[in-house]
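Enquirer: sequence and predicted structure, then a few things I'm wondering about:
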Amino acid sequence: MKKTLTILAALVALPVGMALADDDCFVPMADWQPRDAVARLAEESGWTVRRIKIDDGCYEIDGSDAEGRRIEVTVHPATLEVIEIEYEDDDDRTRRDRKKRKED
């Protein structure tokens, strides 16, 4: 009976852990780069910024790329590493490009 309860508890906890793994950035605010640094990253990348916001603990840039395509870019707040670039096509379909995070 005790073994069954342990297995059930593990199965219940598994989805919670998996949901937490989907959040991209867990960084104390003291370690964040300033918003100006995110704006510089966008400028250096040739992006036009409409808005910089915080989503799931990450910076998120809404704007357009050098070719005028609408983009949503997720940026790590401490390293300014681009985690994900989401392109929105003209027909409202979305195409995503993911960059693999560097493992230390």
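Expert: On my side now, so go ahead. Numbers count the residues shown, from 1 in each chain.

Enquirer: does residue 51 sit in a helix, a strand or a coil?
Expert: Here residue 51 is recorded as strand under DSSP: H, G, I helix; E, B strand; the rest coil.

Enquirer: just the strands in the protein please.
Expert: Taking DSSP state E as the criterion, the chain carries its strands at 48-55, 58-64, 70-75, 82-88, 94-98.

Enquirer: I'd like to know which elements the first one is packed against.
Expert: Translated: strand 48-55. Applying 3 or more Cβ pairs under 8 Å, 6 or more residues apart in numbering; DSSP states H and E, we find strand 48-55 packed against helix 35-44, strand 58-64. Just so you know, the C-beta spots here come from the backbone N, C-alpha and C atoms, and that holds for glycine as well.

Enquirer: include distance to residue 85 and mean neighbour count when you put the ones you listed into CSV, please.
Expert: Shown next, in CSV, are those (distance: least, Cβ to Cβ, whole Å; neighbours: other Cβ atoms under 10 Å):
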stretch, distance to residue 85, mean neighbour count
helix 35-44, 11, 14
strand 58-64, 9, 19
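
Enquirer: with mean pLDDT and distance to residue 32 added, can I get the strands of the chain in JSON lines?
Expert: JSON lines is the format used below for the strands of the chain (pLDDT from 0 to 100; distance: least, Cβ to Cβ, whole Å):
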{"stretch": "strand 48-55", "mean pLDDT": "97", "distance to residue 32": "9"}
{"stretch": "strand 58-64", "mean pLDDT": "97", "distance to residue 32": "8"}
{"stretch": "strand 70-75", "mean pLDDT": "97", "distance to residue 32": "11"}
{"stretch": "strand 82-88", "mean pLDDT": "93", "distance to residue 32": "14"}
{"stretch": "strand 94-98", "mean pLDDT": "58", "distance to residue 32": "22"}
